[in-house]
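**Student:** Here is a sequence with its predicted model. Questions after.
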Amino acid sequence: MVLARAWSVALFGVDGVTVEIEADIGGGKPRTQIVGLPDASLNEAKDRVRAAVRNSGLQWPDQAVTLGLSPAALPKGGSGYDLALATSVLVADKKAPPDALADTVLLGELALDGRLRTVKGVLPCLLAARRFGLRRAIVPVCSLAEASLVGGMEIYGASCLNDVLSWLRGTEDNLSRPEPIVPVVGDPPPDLGDVLGQPEARWALEVAAAGGHHLLLAGPPGTGKTMLAKRLPGLLPPLPPEHALEVTAIHSVAGDLATESPLITVPPFVAPHHTTSVPALVGGGVGLAKPGAISKAHRGVLFLDEACEFAPNRLEALRTALEEGEIRLARRDGVVRYPARFQLVLATNPCPCAPPRESDCSCPPNTRRRYLARLSGPLLDRVDLQVRMRPITAMSTHLADALPEPTATVRARVEEARRRAVHRWSTHGWQTNAEAPGPSLRRNFALPREATTLLDRGLTIGAVTARGADRCLRVAWTLADLAAVPKPTADHVAAALEFRDRRAT
């Protein structure tokens with residue numbers, strides 16, 4: 001007969017499944033076994049938990065202990081089940097009453113002396129527990145700030161196993177309560193006013209920020225490609241609460257959250273090196289895949305500097321995520337889905353030798369073509385804005401009457417354009433023009449024929465694909481929002497089409 005039950009959570013990507021832990025004592029020689037598809041790290045928990053109980057001044061049962069994890073067919077792993085396993089055994093051994101465990105989820109790894117250590121994924125675990133109907137959670141003290149982001153639950157923090165047992169017995173309450181989270185003000189983002197010249201690239205950056213579009217910056221070294229890319233997050237508005245929780249949940253699974261202020265409220269900026277592997281870029285690992293750089297950049301910016309130095313398989317792995325806004329990874333223990341709705345910014349030199357002036361290029365034509373061919377046609381077809389950057393001239397750095405606009409000025413225009421887009425798409429649930437699907441743009445928000453004549457001509461002669469035409473329409477709507485007009489005109493569509501000129505590379 002089952003003598004005790006406790007609750008924990010199994011994570012599959014950022015989705016959680018509540019796990020019922022049943023403890024049965026008796027029925028054979030002294031031993032401890034865990035059933036329910038535990039992996040190696042979870043199977044080791046029986047020795048870890050037994051030592052933690054003994055070193056907490058308690059007696060481990062000298063009978064057969066069977067711990068069942070349900071759903072039994074669901075693969076389970078990690079050390080986050082330790083606290084629930086230990087508590088269920090002690091309750092089954094009559095060392096604590098079972099009443100409080102009925103609606104409480106327990107998360108945490110046990111040290112051999114009974115201390116509670118933090119685990120990854122506390123936030124998505126508690127979100128799953130709340131959906132299931134559990135109303136109370138006990139987590140390690142160092143995870144208390146992260147756990148407090150979940151509303152509608154009683155959150156408690158424990159520093160050791162004995163604190164949890166004392167609370168269950170009602171003898172004393174040593175559990176901690178969440179403190180109000182004080183946002184940590186980080187360093188201000190780099191200012192756009194630091195970038196000299198490049199009016200076309202600055203305008204493309206503003207359009208990208210206003211509409212959530214992907215961007216390619218191509219040009220000689222030292223023209224400000226990296227500087228512009230690093231200033232894009234400063235133009236983006238803060239994350240709304242629902243998006244902030246999405247991003248924080250991903251970083252919680254990855255183990256990247258700050259302890260004192262875990263909520264991520266600013267769009268992330270992720271810039272992997274060109275030697276990064278495919279699993280590091282899109283996600284991977286043994287058993288169940290972990291999030292990669294594209295998921296960590298969710299609702300933010302993924303910057304690939306020296307894009308043509310990336311191996312082609314790295315770049316091609318981005319294509320599905322760019323189109324669908326998520327990545328699905330199949331591994332031995334199952335398929336996980338991670339959100340990956342990011343803005344891609346590519347920066348590249350026009351050739352391997354990359355002289356300051358292109359007229360000084362010493363690369364043979366075939367070498368130049370092979371270098372740029374690493375950015376394949378299907379990948380570039382998904383990049384809305386493609387800009388050719390020019391060398392900075394001495395005169396452009398001394399024009400007193402043409403000082404570059406600072407970030408604050410441009411961000412005000414971006415925020416106003418985004419408000420127009422949100423108001424327009426509010427009934428459909430889209431936040432930016434880049435999220436609007438092509439069929440809806442052509443059917444529900446169709447432009448007059450005179451506005452799309454040039455785009456239709458480009459489709460006829462094969463200068464643009466059907467996907468590219470949809471992306472031109474999205475950029476045209478962004479240009480209209482920045483111009484504060486209700487609908488794109490023929491000039492906006494022509495400007496959007498010019499942004500897709502492949503001669504930019």
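**Tutor:** Perfect, I can see it now. Numbering: from 1, shown residues only.

**Student:** Let me see the ranges of the helices in the stretch 251-400 of the chain.
**Tutor:** 278-282, 293-296, 312-316, 319-324, 365-372, 377-380 (DSSP state H, counting those that start in this stretch).

**Student:** Flag every buried residue along the last one.
**Tutor:** For helix 377-380, burial by neighbour count (16 or more other Cβ atoms under 10 Å) applies to Leu379, Leu380. C-betas here are computed from N, CA, C, even on glycine.

**Student:** again, but for the third one
**Tutor:** Across helix 312-316, burial judged by 16+ other Cβ under 10 Å covers Arg314, Leu315.

**Student:** what about that helix, average pLDDT?
**Tutor:** Mean pLDDT, helix 312-316: 94.

**Student:** do the fourth one as well
**Tutor:** If you average the pLDDT over helix 319-324, you get 93.

**Student:** cool, and the second one?
**Tutor:** Helix 293-296 comes out with an average pLDDT of 97.

**Student:** Mind telling me what element Ala73 is part of?
**Tutor:** For Ala73, there is no enclosing helix or strand under DSSP states H and E.

**Student:** about what we covered before: point out the most buried one among the helices of the stretch 251-400 of the chain.
**Tutor:** Counting by mean count of other Cβ atoms under 10 Å, helix 293-296 has the highest mean neighbour count of these, with a mean of 25.

**Student:** Which one of the helices of the stretch 251-400 of the chain lies nearest to Glu172?
**Tutor:** helix 293-296 (41.4 Å; Cβ to Cβ).

**Student:** which residues are contacting the closest one?
**Tutor:** Defining contact as Cβ atoms under 8 Å, 6 or more residues apart in numbering, one finds that helix 293-296 is touched by 250-251, 254, 256, 268, 270, 272, 276, 280-283, 302, 318, 321, 327, 338-340, 342.

**Student:** Keep only those of the residues you listed that are in strands.
**Tutor:** Of those, the ones assigned to strands by DSSP state E are Val270, Gly283, Leu302, Ile327, Tyr338, Pro339.

**Student:** ok, of these, which come out buried?
**Tutor:** Buried among the ones in strands among the contacts of helix 293-296 (16+ other Cβ under 10 Å): Val270, Gly283, Leu302, Ile327, Tyr338, Pro339.

**Student:** Nearest to Lys290 among those?
**Tutor:** Closest approach to Lys290 among those (Cβ to Cβ): Gly283, at 6.1 Å.

**Student:** thinking again about what came up before, mind putting the helices of the stretch 251-400 of the chain in CSV, distance to Asp481 included?
**Tutor:** Putting the helices of the stretch 251-400 of the chain into CSV (distance: least, Cβ to Cβ, whole Å) gives the following:
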stretch, distance to Asp481
helix 278-282, 32
helix 293-296, 27
helix 312-316, 30
helix 319-324, 22
helix 365-372, 32
helix 377-380, 25
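
**Student:** Which among those is found nearest to Ser176?
**Tutor:** helix 293-296 (29.3 Å).

**Student:** Can I get that closest one in PDB, CA atoms only?
**Tutor:** Extracted C-alpha coordinates of helix 293-296, given in PDB (Å, rounded to 0.1, in the frame of the first residue of the first chain):
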ATOM      1  CA  ALA A 293      22.000  30.700 -28.200                       C
ATOM      2  CA  ILE A 294      19.000  31.200 -30.400                       C
ATOM      3  CA  SER A 295      16.600  30.500 -27.500                       C
ATOM      4  CA  LYS A 296      18.600  32.600 -25.100                       C
END
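
**Student:** now it, how far from the centre of its chain.
**Tutor:** Relative to its parent chain, helix 293-296 has a centroid offset of 5 Å by Cα atoms, centre = their mean, to the nearest Å.

**Student:** now swap in stretch 12-29 and tell me
**Tutor:** 29 Å.

**Student:** cool, stretch 166-186 as well?
**Tutor:** 28 Å.

**Student:** still on that earlier bit, looking at the ones in strands among the contacts of helix 293-296, which is nearest Gly211?
**Tutor:** Leu302 (16.5 Å).

**Student:** surely that closest one meets Val345?
**Tutor:** Yes: judged on Cβ atoms under 8 Å, Leu302 makes contact with Val345 at a distance of 7.1 Å.

**Student:** Okay, buried residues for stretch 225-243 please.
**Tutor:** By neighbour count on 16+ other Cβ under 10 Å, the buried set for stretch 225-243 is 225-236, 239, 243.

**Student:** can I get the CA coordinates of it in PDB?
**Tutor:** This file holds the C-alpha atoms of stretch 225-243, laid out as PDB (Å, rounded to 0.1, in the frame of the first residue of the first chain):
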ATOM      1  CA  LYS A 225      28.900  47.200 -38.300                       C
ATOM      2  CA  THR A 226      29.500  45.800 -34.800                       C
ATOM      3  CA  MET A 227      28.900  49.200 -33.200                       C
ATOM      4  CA  LEU A 228      25.500  49.500 -34.800                       C
ATOM      5  CA  ALA A 229      24.500  45.900 -33.900                       C
ATOM      6  CA  LYS A 230      25.400  46.400 -30.200                       C
ATOM      7  CA  ARG A 231      23.200  49.500 -30.100                       C
ATOM      8  CA  LEU A 232      20.000  47.800 -31.400                       C
ATOM      9  CA  PRO A 233      18.900  46.500 -27.900                       C
ATOM     10  CA  GLY A 234      19.000  50.100 -26.700                       C
ATOM     11  CA  LEU A 235      16.400  51.000 -29.300                       C
ATOM     12  CA  LEU A 236      14.000  48.200 -28.300                       C
ATOM     13  CA  PRO A 237      11.300  48.800 -25.700                       C
ATOM     14  CA  PRO A 238      11.400  46.900 -22.400                       C
ATOM     15  CA  LEU A 239       9.800  43.500 -22.400                       C
ATOM     16  CA  PRO A 240       6.100  43.300 -21.400                       C
ATOM     17  CA  PRO A 241       5.400  41.100 -18.300                       C
ATOM     18  CA  GLU A 242       4.400  38.000 -20.300                       C
ATOM     19  CA  HIS A 243       7.400  38.200 -22.600                       C
END
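
**Student:** Rounded mean pLDDT for it, please.
**Tutor:** 95.

**Student:** now stretch 385-403
**Tutor:** For stretch 385-403, the mean confidence score works out to 69.

**Student:** Quick one: residues in contact with the longest helix that the chain contains.
**Tutor:** Secondary structure of the chain read by DSSP state H shows that its longest helix is helix 407-425. Helix 407-425 has contacts (Cβ under 8 Å, 6+ apart) with 189-193, 202, 206, 209-211, 231, 234-237, 430-433, 435-436, 477-478, 481-482, 484.

**Student:** can you list the weak-confidence ranges in the stretch 401-505 of the chain?
**Tutor:** 401-402, 501-505 (pLDDT under 70).

**Student:** ok, and what's touching the following helix or strand past the longest helix of the chain?
**Tutor:** Remark: after helix 407-425, the chain's next helix or strand is helix 438-443, criterion DSSP H and E. Contact with helix 438-443 is made by His428, Ala466, Arg467, Ala469, Asp470, Leu473, Arg474, Trp477, as judged by Cβ under 8 Å, 6+ apart.
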